[in-house]
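K.L.:
Pasting the sequence and the predicted model now:
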Amino acid sequence: MTLTIDKLTARYGRLQFCHDISVRAERGEFLVVLGSNGAGKSSLLGAIAGTVAASGRVSVNGRALEHAGANQRAWG
């Protein structure tokens, strides 16, 4: 499984908490998000999961998830 995030930008109203985030994680790799309290770690994960409005591209195995709701993005 490959998770690809390309130019992800997200905000709450006028407050932008991430801008132009791009990363790719392949099967077997670990991705760590570090930051102080209030830095936007949970909000970034929400943008990836589809629970926070964002622009950019999020895909799994090349399948774009921009128009998929949070329930469609869940896998296990």
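P.N.:
Structure received. Residues are numbered from 1 along each chain as shown.

K.L.:
who are the neighbours in contact with Ile5?
P.N.:
Contacts for Ile5 (CB atoms under 8 Å, 6 or more residues apart in numbering) come out as Ile21, Ser22, Val23, Arg24, Ile48, Gly56, Arg57, Val58. From N, CA and C alone the C-beta is placed, and that goes for glycine too.

K.L.:
any weak-confidence spans in the chain?
P.N.:
The chain contains residues with pLDDT under 70 at 70, 73-76.

K.L.:
which residues of it fall in strands?
P.N.:
Taking DSSP state E, the strands of the chain run over residues 3-12, 15-25, 54-60, 63-64.

K.L.:
Centre-most residue in the protein?
P.N.:
In the chain, the centroid-proximal residue (CA atoms, centre = their mean) is Ile48; its distance is 2.3 Å.

K.L.:
And that one, how far from Ala54?
P.N.:
To Ala54, Ile48 is 8 Å away according to CB to CB, to the nearest Å.

K.L.:
what's the closest non-adjacent residue to Leu3?
P.N.:
Spatial nearest neighbour of Leu3, chain neighbours left out: Ala25 (4.7 Å); criterion: CB to CB, 6 or more residues apart in numbering.

K.L.:
I'd like to know how many residues surround the one you found.
P.N.:
13 (other CB atoms under 10 Å).

K.L.:
cool, Phe17 as well?
P.N.:
Neighbours of Phe17 using other CB under 10 Å come to 19.
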